[in-house]
Every structure is written in C-alpha cells, then in structure tokens.
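Visitor: below: sequence and its predicted model.
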Amino acid sequence: MSDSYRRAHHLAQAGRYAEAERIVRAGLAEEPGDGRLLTLLAWVLRMRREYPAALAAADSAVAASPHDADAHAERAENLILLIRSKDAADAAREAVRLDQLSAPAHLVLARALAAAHDLAGARAAAARGLSLDPDSAEGLLTVAEVERDAGNREAATAAARSALAIEPESSYGRWMIAMLDAERLHVRRSMRGLRDAARISPARPDLISMTWPIRGVLSGLRRGLFAGAVLVGALLLVGHWWWPVAATFARLVSGVLAAVLTGFGARVLLPAGWLPWRCLPLLPPLMRRPTYAAFPVLALAVALLVVHASTGWWPAAVLALAMAPVLWALSLVEMLGAGLDDPGIRHALRSLAGEFRDWWVTTKRDLRDAWKDDPKS
C-alpha cells in the first residue's frame, strides 16, 4: 500500500474529499497504472457526486487491475448511479466471481439487482453478503434498501434499526428509518429522523427528502382531486340525462371530497412543522416553482368543490376537474427538476439526448442517400 493511498484514504474517510483527490492524483502522476489508487479516485469522485468522472476512473482501474474485485465493485457502484443497472449487475457479478468471499461485492450486486428490479436476486445477494459479515452496518442497510424496494416495510425497518445499533451515527440508517416512517405517515417521527440525519452529515443535507410532507401532500391531493372530480362529473352526467337524483349525490360527493382533501393536507402538514417550508426555498428552481404554484391551484379546486356542494352550480365542478391536468403538468415539471438535480439522471438524460441526435442525423443521411438513389430522379 503506497503512502499516497494511505494518506488519501484517511482524508476521504474524514470527508475531506478535495484534499484526498489532490493526493490521489499526485500519486497517479508517479504511478499512472496503480489500480488501487484509481479505484480510490473513483470512490472519492463518487462521494463528490461527479459520477461520469468517477466511472471513467473506475474503468481505468479495471483496465489496470482486471483481477481486482474492488475495482469491478466500484465500477458497479457508479453504473448504478448513472442508471445503467444491467451494466452495473454485470460488473458486480464479475466482482463476486473474482472474490466470492467479499461481502462488499455481494452487497453491491444486491443493490445493482434491486436497481434492475430483480428483487429475488437482490434479496439472495444481500443475504449472502450479510452472512459473510453479520456485523456489517452496510450489509444490514443493503437488506433494508432491498426490502423497502420490495414493499416489506417491517423487514426494512428491522434491518435499519439493527444497523443503527451497530453504527448509531449512520446518517443513511437514520434517513432510511425516516423515509419508512414517512411512508406510514408517521410525520413527526419522520421529520425528527431527517433532522438527526442532517445533524450527522451537515455538509450534505437531503433537502428533497426534508420537503417530503409538502410534495407528498401535493401528490396525494392531486390523485384524490382527479379521482373525486371524475366521479362528480360522471354523477352530473347521469343526473342530467337519466336520473336527476344523481345530481344531488354529486353535490354530496363534492362536499365530502373538499373535506377529505383539506383534512389530508392538515393531517400531514401540521405535524411536519416549519422545517419542510424552510427547506423548500433551497430546492432547485424547477422543483420549487411548480410546488409553490400547485398550492393556489389546489386551493381554487377545493373552493370550486365547496361552491358546487353548497349551490349546485355544475360549472364549478367542471372547473375543479379542469384543475387536475394543471396539477399533473406541474408535477411533471417538478419531477424533471428533481431528475436534473441528480447528476446520474442528468447524465442519463444527456446520453439519451445524444443517442436521439445521432439517430436523427443517421436517419436524415439515409433518407438523403435513398432519395439520391431513387431511379425516378
């Protein structure tokens, strides 16, 4: 183990990634083919969320040390983040083949298979990795991640709590439990867990997760409004053409729907407190602006439902239904903003755009050549 590797690894473990990268690159200037240094460089770059550069370093590490399981495992980690799950699974399988007793290799294989939606294979790989290192917090958190993806919240929570018993200051473990609480609508406990995770890693707070009560409420209200307004519209049509009593039922449904939407919003937002609202302005603009815009649209829709319930004026219900497509459009913009904020998804979108551009250029050239070869010309 070189002196550069030891120093850089120590700095990286302390979270001083910029200094670690500088030392690794200095070491590589003297030993450009050092596979371990290249693997460490890939890991440091991944921690800095420079995923394309990290993958390039991991590719170089594999080329320099093709029989090093760690290099293949690091390559798999970066491929997962770049939304290339099939390639990630292949790289992780190679890491396992090279070192079948490596717990980290089995764990990265589990994460790659989970990303590829092979949950049965992911469970088996995670269990194998944990059996090789039963006291591994990483192994338990991988089990929790896989079980959460499979919808087994109780098993995921148990694994995450076991990981925290081993490593109480694991920010990822606290984040995992907080998000599992969020899925059960245990709002106060979830926000408390997210605050603890941010306290442990103050340099890298997960602002998107901290705003889940706001975004979750908007998602639930959007779906509820659409389903309820469609039902109201159907009842109005039935009342107009076949059964007049259905119009009265439509008014009742509008009133109930307005009350349910308001109650659900209060059920989530009031226990969450001010933390999500303080984090919301820190989100990327493409996430923040649609979120702000969605609330007045929802308020207008609920007001229109109340108007219809109290007066029977049917255009109010139709206008409330018309708010649903607006909310879906805002949701798509918010999802795009979340994707563009993630370096892996951003790189994947750029790659997809590049492939489309290449396809379009090739298609135009082929059409032009076919037109020139047309015997009628």
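Guide: That came through fine. Residues are numbered from 1 along each chain as shown.
Visitor: where does the prediction get shaky in this protein?
Guide: 1, 339-361, 363-377 (pLDDT under 70).
Visitor: and it, what are its domains?
Guide: 135-205, 212-341 (automatic domain parsing).
Visitor: mean neighbour count, those: which tops it?
Guide: Of all the domains of the chain, domain 135-205 has the most neighbours on average by mean count of other CB atoms under 10 Å, namely a mean of 19. For the C-beta atoms, the positions are set from N, CA and C on the backbone; glycine is no exception.
Visitor: how far away from the center of its chain is that domain?
Guide: Centroid separation for domain 135-205 versus its chain: 15 Å, with CA atoms, centre = their mean, to the nearest Å.
Visitor: what about that domain, start to end distance?
Guide: The straight-line separation of the ends of domain 135-205 (CA to CA, to the nearest Å) is 27 Å.
Visitor: hmm, back to that, okay, the domains of the chain in TSV with distance to D87 next?
Guide: As requested, the domains of the chain are exported to TSV (distance: least, CB to CB, whole Å):
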stretch	distance to D87
domain 135-205	19
domain 212-341	20
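Visitor: got the buried residues for stretch 4-24?
Guide: Of the residues in stretch 4-24, 4-5, 7-9, 11-12, 17, 19-21, 23-24 count as buried by neighbour count, 16 or more other CB atoms under 10 Å.
Visitor: so which of the domains of the chain gets nearest A63?
Guide: Of all the domains of the chain, it is domain 135-205 that lies closest to A63, at 26.8 Å by CB to CB.
Visitor: tell me the contacts of G35?
Guide: A61, A64, S65, D68, A71 (CB atoms under 8 Å, 6 or more residues apart in numbering).
Visitor: one step back: relative to G121, which of the domains of the chain is closest?
Guide: domain 135-205 (9.8 Å).
Visitor: from the chain's centroid, how far away is stretch 237-247?
Guide: 45 Å.
Visitor: so how far is the first residue of it from its last?
Guide: Where stretch 237-247 begins and where it ends lie 8 Å apart, using CA to CA.
Visitor: just stretch 201-215 next, same as before
Guide: 23 Å.
Visitor: quick one: residues in contact with it.
Guide: 15, 171, 175, 178-179, 182, 187, 190-191, 194, 197-198, 268-269, 272, 275-277, 279-280, 282-283, 287, 291, 334, 338, 341.
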